[in-house]
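Peer 1: one predicted model, sequence on top.
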Amino acid sequence: MSSLTLVLDSDREIIQEYTATGSDRAATAFVRKYQKFVFSTALRYLQSYDDADDAAQEVFIKAFKNLNKFRGDSNVKTWLYRITVNICTNFARKRKLLSIFSHNKTDEEIFEIPATELLQDKQVESREFEENFLKLLKLLPTKQREIFSLRYFDNLSYEEISNMLGTSVGGLKANYFQAVQKIARHLKN
Amino acid sequence: MENYEQTTLTYKQVQEMLCDYVFEKLEENEKVLFEASISLYPELQQEVENTRSVFGKIKSIHFDNIIDTHTRNLSVKIQNRLMKKRTTAFSPWNIIRITVPVFGLLIAAYLLVNKIATQEIQLKSNLSAVEELTKVKPVEVAKIMDNNISAEHAIQAVNTIRISIPNVRDINDLVKNDKEMVKAVDDEYADFILGCTDNPMDILPAFVSPNQILKDEIGNIDENDIKLILEELENEDFDV
């Protein structure tokens, strides 16, 4: 465990090291392993890169705070998914509340401009397409959107998705098919 | 994935596997079974073609790269926040920020509880005074008035009332909106006390001002009583 080159791969190793020593290495390994999953989930819920970034940070800080309580009864992804959904729901609520009191431009909008300027043309194009695709996803009912994303983007098994969302595997498959059909229909138009 | 033991799949089963087939997420045996069954359902076959053509465009987008761009510094940001949390947890400013509002709240709570308790005691005292007044008045006073009992008994009865009612202001506070009641209280007690006792000054201050009584009743006081009062006054040493 003392070697810096040792790669922490399994969840158990990472969690054990972090809970025992609070090491930066374990924290980094944990974040890197799950950052895409947490960030993309937050992005689907919040529809904003900056908000998703803030929410993802909150998720990991909360996860580290409670990592010693994680007993492995559920999959780490399932656990993180629940934390992410809770935090994003609170975020969305706060954002809605703030939008009532303020009509000024938020920091999010201010920071969004240079971020776009830095991207290459091709990246901008794919980003635009991705943003449209995200908007399209927003049109789906939450359950269908989540099932589609977790299966299509995160490659999770139906059993894992079933644990996360509390839906039967049969129901998931039917919803997945409907979501794909809807997306295909919209994109075709 | 489920184990499909039959050689062909039902419409529903094909439909359920369709997306995974298009996105190449089926295992080899499932893929063979799917391909063997799809020809039975031309409608679904068309669906496979449609989905494949539309999602081909989505497939070309590198979602991972986009997400990578946004999560590149996430671990550093989190480390910084964790570090900041650790260092600021016991800073003097944090301690002040927590303790000052806590003390403020405690003081406010103490004052509020104290005020409520005082009001409650006052209210109880007033209520019990009213209760005692109504209880004592008809029994004791009526006896004094009707049966012409001795002055000692009258003093005792009035003292009972006086103990029940801390001071005359309490009665006035309670009945300040009812002038008739104040007058009744003053009249009733002052009259019978003056009529029943040899030493009214001992008990009257509990109810009304002695000067007021003296002024009101001077004409009704017996000559002997005035002599007694004057004798008393002669024997007193006054600090002027």
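Peer 2: The structure has been received and is ready for your questions.
Peer 1: pop the domain breakdown of chain A in here.
Peer 2: Under the assignment automatic domain parsing, the domains of chain A span A:1-118, A:122-189.
Peer 1: ignore the last one, chain B
Peer 2: Residue ranges of the domains in chain B are recorded as B:11-61, B:111-235, according to automatic domain parsing.
Peer 1: hey, least reliable of those by pLDDT?
Peer 2: Lowest mean pLDDT within those: domain B:111-235, at a mean of 62.
Peer 1: one step back: reformat the domains of chain A as TSV; add mean neighbour count and mean pLDDT.
Peer 2: (C-beta placed from N, C-alpha, C; glycine too.) Shown next, in TSV, are those (neighbours: other CB atoms under 10 Å in any protein chain shown; pLDDT from 0 to 100):
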stretch	mean neighbour count	mean pLDDT
domain A:1-118	16	80
domain A:122-189	17	86
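Peer 1: the strand or helix carrying residue B:79 packs against which elements?
Peer 2: Following DSSP states H and E, one finds residue B:79 within helix B:74-88. Helix B:74-88 is packed against helix A:24-46, helix A:49-66, with contacts defined by 3 or more CB pairs under 8 Å, 6 or more residues apart in numbering or on different chains; DSSP states H and E.
Peer 1: now the longest one - C-alpha only, PDB.
Peer 2: The reference is to helix A:24-46. C-alpha atoms of helix A:24-46 as PDB (Å, rounded to 0.1, in the frame of the first residue of the first chain):
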ATOM      1  CA  ASP A  24      -5.700  11.600  -1.300                       C
ATOM      2  CA  ARG A  25      -4.700   8.700  -3.500                       C
ATOM      3  CA  ALA A  26      -7.800   6.700  -2.600                       C
ATOM      4  CA  ALA A  27     -10.000   9.700  -2.900                       C
ATOM      5  CA  THR A  28      -8.600  10.500  -6.400                       C
ATOM      6  CA  ALA A  29      -9.000   6.900  -7.500                       C
ATOM      7  CA  PHE A  30     -12.600   6.900  -6.300                       C
ATOM      8  CA  VAL A  31     -13.400  10.100  -8.100                       C
ATOM      9  CA  ARG A  32     -11.800   9.100 -11.300                       C
ATOM     10  CA  LYS A  33     -13.600   5.800 -11.300                       C
ATOM     11  CA  TYR A  34     -17.000   7.300 -10.900                       C
ATOM     12  CA  GLN A  35     -16.700  10.900 -12.100                       C
ATOM     13  CA  LYS A  36     -18.200  10.300 -15.600                       C
ATOM     14  CA  PHE A  37     -21.200   8.400 -14.200                       C
ATOM     15  CA  VAL A  38     -21.900  11.000 -11.500                       C
ATOM     16  CA  PHE A  39     -21.300  14.000 -13.800                       C
ATOM     17  CA  SER A  40     -23.500  12.600 -16.700                       C
ATOM     18  CA  THR A  41     -26.300  11.700 -14.200                       C
ATOM     19  CA  ALA A  42     -26.200  15.200 -12.700                       C
ATOM     20  CA  LEU A  43     -26.100  16.700 -16.200                       C
ATOM     21  CA  ARG A  44     -29.300  14.900 -17.200                       C
ATOM     22  CA  TYR A  45     -31.000  16.200 -14.100                       C
ATOM     23  CA  LEU A  46     -29.700  19.800 -14.200                       C
END
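Peer 1: quick check: angle from the longest helix seen in chain A to helix A:49-66?
Peer 2: Scanning chain A for the helix with the most residues, using DSSP state H, yields helix A:76-101. Taking axes from the mean of the first three to the mean of the last three CA atoms, to 10 degrees, one finds helix A:76-101 and helix A:49-66 inclined to each other by 130 degrees.
Peer 1: which secondary structure elements does helix A:76-101 contact?
Peer 2: Judged by 3+ CB pairs under 8 Å, 6+ apart, helix A:76-101 is in contact with helix A:24-46, helix A:49-66, helix A:158-165.
Peer 1: export the domains of chain A to TSV and tack on distance to residue B:23?
Peer 2: Output for the domains of chain A, formatted as TSV (distance: least, CB to CB, whole Å):
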stretch	distance to residue B:23
domain A:1-118	17
domain A:122-189	7
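Peer 1: who wins for proximity to residue B:71 among those domains?
Peer 2: Distance to residue B:71, taken as CB to CB, is lowest for domain A:1-118 among the domains of chain A, at 4.4 Å.
Peer 1: before we move on, back to that, okay, the helices and strands packed on helix A:76-101 in a markdown table with distance to chain B next?
Peer 2: Putting the helices and strands packed on helix A:76-101 into a markdown table (distance: least, CB to the nearest CB, whole Å) gives the following:
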| stretch | distance to chain B |
| --- | --- |
| helix A:24-46 | 4 |
| helix A:49-66 | 5 |
| helix A:158-165 | 8 |
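Peer 1: right, and those - which one's nearest residue B:54?
Peer 2: So among the helices and strands packed on helix A:76-101, helix A:24-46 is nearest, using CB to CB, at 19.8 Å.
Peer 1: how about the residue positioned nearest the centre of chain A: what's its closest non-neighbour residue?
Peer 2: What sits nearest the mean C-alpha location of chain A, by CA atoms, centre = their mean, is residue A:41, with 2.3 Å. Among residues not flanking residue A:41 along the chain, residue A:84 sits closest, at 4.7 Å (CB to CB, 6 or more residues apart in numbering or on different chains).
Peer 1: the one you found and residue A:92: what is the separation?
Peer 2: The gap separating residue A:84 from residue A:92 is 12 Å, by CB to CB, to the nearest Å.
Peer 1: one more: residue B:221?
Peer 2: In this view, residue B:221 and residue A:92 are 87 Å apart by CB to CB.
Peer 1: again with residue B:54
Peer 2: With the distance defined as CB to CB, residue B:54 ends up 30 Å from residue A:92.
Peer 1: could I get the helices and strands packed on helix B:74-88 as JSON lines with distance to residue A:96?
Peer 2: Below are the helices and strands packed on helix B:74-88 laid out as JSON lines (distance: least, CB to CB, whole Å):
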{"stretch": "helix A:24-46", "distance to residue A:96": "11"}
{"stretch": "helix A:49-66", "distance to residue A:96": "12"}
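Peer 1: ok, which of the ones you listed comes nearest residue B:17?
Peer 2: helix A:24-46 (24.8 Å).
Peer 1: for that closest one, packing partners?
Peer 2: Contact partners of helix A:24-46 among helices and strands, from 3+ CB pairs under 8 Å, 6+ apart: helix A:11-21, helix A:49-66, helix A:76-101, helix A:121-139, helix A:142-152, helix B:63-71, helix B:74-88.
Peer 1: to residue B:100, which of those helices lies closest?
Peer 2: helix B:74-88 (16.6 Å).
Peer 1: ok, for residue A:30, nearest residue in space, not its chain neighbours?
Peer 2: Per CB to CB, 6+ apart, closest to residue A:30 is residue A:14, 4.9 Å.
Peer 1: list the contacts of the one you found.
Peer 2: By CB atoms under 8 Å, 6 or more residues apart in numbering or on different chains, the contact set of residue A:14 is A:8, A:26, A:29-30, A:33.
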